[in-house]
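Novice: coordinates only, no sequence provided:
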DNA sequence: CTATGATTGCACATTTTGCCTAGTTCAAAA
DNA sequence: TTTTGAACTAGGCAAAATGTGCAATCATAG
């Protein structure tokens, strides 16, 4: 069980489920050309080993009324990164946070309902204790939405 | 059918499926305390209206052998944004691209197997015609992994 | 060569699905 | 207030899928 604990069959199975998540085990087995028990075993293993965190619904935030997406780079005070991270995690509109190289910054993705709402969200983020400086930019479009698929397909092909 | 085409029941259903995607319609109905037909109807509507793009597997790139995540801000030549976007979309390691306000920049998230590999990926990105200047940073940690859940829960509570 | 783990093929009882009908709620329109 | 329509509930039915167990086959590493 090395680093790449996914083989081609696993990858094909995941791609299948990504396209049609409500597919039954038997139907998966048919399409993959393997026995039902095999698919069942793979599925059990994948969730047991947590290589798949889950199958969260891929929802356009716009459908929920959050039309705007914005990014912020935060410069934070020494030693406050963990505290700030936790505070950001508690904000519903914050959809993603990464700590990055550079000047010990945090990178934040957030959503909002409108320009006014975005102002409020940004204020909430900036007001977190330990945040020194921020630089914000708004997403105008998303040419490549978050995806893992190409990597999976590469494995599946093998 | 207004902007927020999701009501509390939809949200609870999505949360349920997010946790246990292989749940059957009947089981969902039981847990939500509604009739089977209702769940079936909601599910049909959700996919028909494309409020849910799908249920892609949430996979730790590390499981696939891609241990590194990096971000790049690209400054691109006038009028080349679409071309550059397409070129980036063709790179497997590029997992996300946004066009942002500012100086007509693109924001890119990418993954790589190792430092050497990251160098190669970055080179590939930078070599795309139309890319003027880039600034890259590496993700050290991800305090808040991509999530939509808090927004869903807010709707579900209502 | 042989043991171990994965996969296959098959069978069984039970559950779920897909599809349908009919009665009930409830809110908005008339 | 009454009417109307959409959404929901409750049930029935046949077909299909699931969970489970088991013996046989295969591949691979020791």
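Specialist: Noted; the coordinates are in hand. Remember, it's a predicted structure, so these values are computed and weren't measured experimentally.

Novice: domain map for chain A?
Specialist: According to automatic domain parsing, chain A comprises the domains A:8-56, A:61-138.

Novice: make CSV from those and add mean neighbour count, distance to DNA strand C and mean pLDDT to it.
Specialist: C-beta here means a position set from N, CA and C on the backbone, and glycine is covered the same way. Listed next are the domains of chain A as CSV, based on neighbours: other Cβ atoms under 10 Å in any protein chain shown; distance: least, Cβ to the nearest atom of the strand, whole Å; pLDDT from 0 to 100:
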stretch, mean neighbour count, distance to DNA strand C, mean pLDDT
domain A:8-56, 16, 3, 91
domain A:61-138, 18, 19, 94
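
Novice: among those, which is nearest residue B:156?
Specialist: Proximity to residue B:156 (Cβ to Cβ) singles out domain A:61-138 among the domains of chain A, at 11.1 Å.

Novice: what separates residue A:7 from DNA strand C, distance-wise?
Specialist: Plainly put, residue A:7 is 8 Å away from DNA strand C if you go by Cβ to the nearest atom of the strand, to the nearest Å.

Novice: number of nearby residues for that residue?
Specialist: When neighbours are counted by other Cβ atoms under 10 Å in any protein chain shown, residue A:7 registers 13.

Novice: check contacts around it.
Specialist: For residue A:7, the contacting residues are residue A:155, by Cβ atoms under 8 Å, 6 or more residues apart in numbering or on different chains.

Novice: any idea how far residue B:114 is from it?
Specialist: Residue A:7 sits 21 Å away from residue B:114, going by Cβ to Cβ, to the nearest Å.

Novice: tell me the contacts of the residue of chain A positioned farthest from its centre?
Specialist: For chain A, the largest distance from the centre (Cα atoms, centre = their mean) belongs to residue A:35, which lies 31.9 Å off. The contact partners of residue A:35, taken as Cβ under 8 Å, 6+ apart, are residue A:29.

Novice: separation between it and residue A:49?
Specialist: In terms of Cβ to Cβ, residue A:35 sits 21 Å off from residue A:49.

Novice: report pLDDT for residue A:7.
Specialist: Looking at residue A:7, its pLDDT stands at 89.

Novice: DNA strand D contacts on chain A?
Specialist: Contacts of chain A with DNA strand D, taken as Cβ under 7 Å from any atom of the strand, map to A:24-27, A:36-37, A:40.
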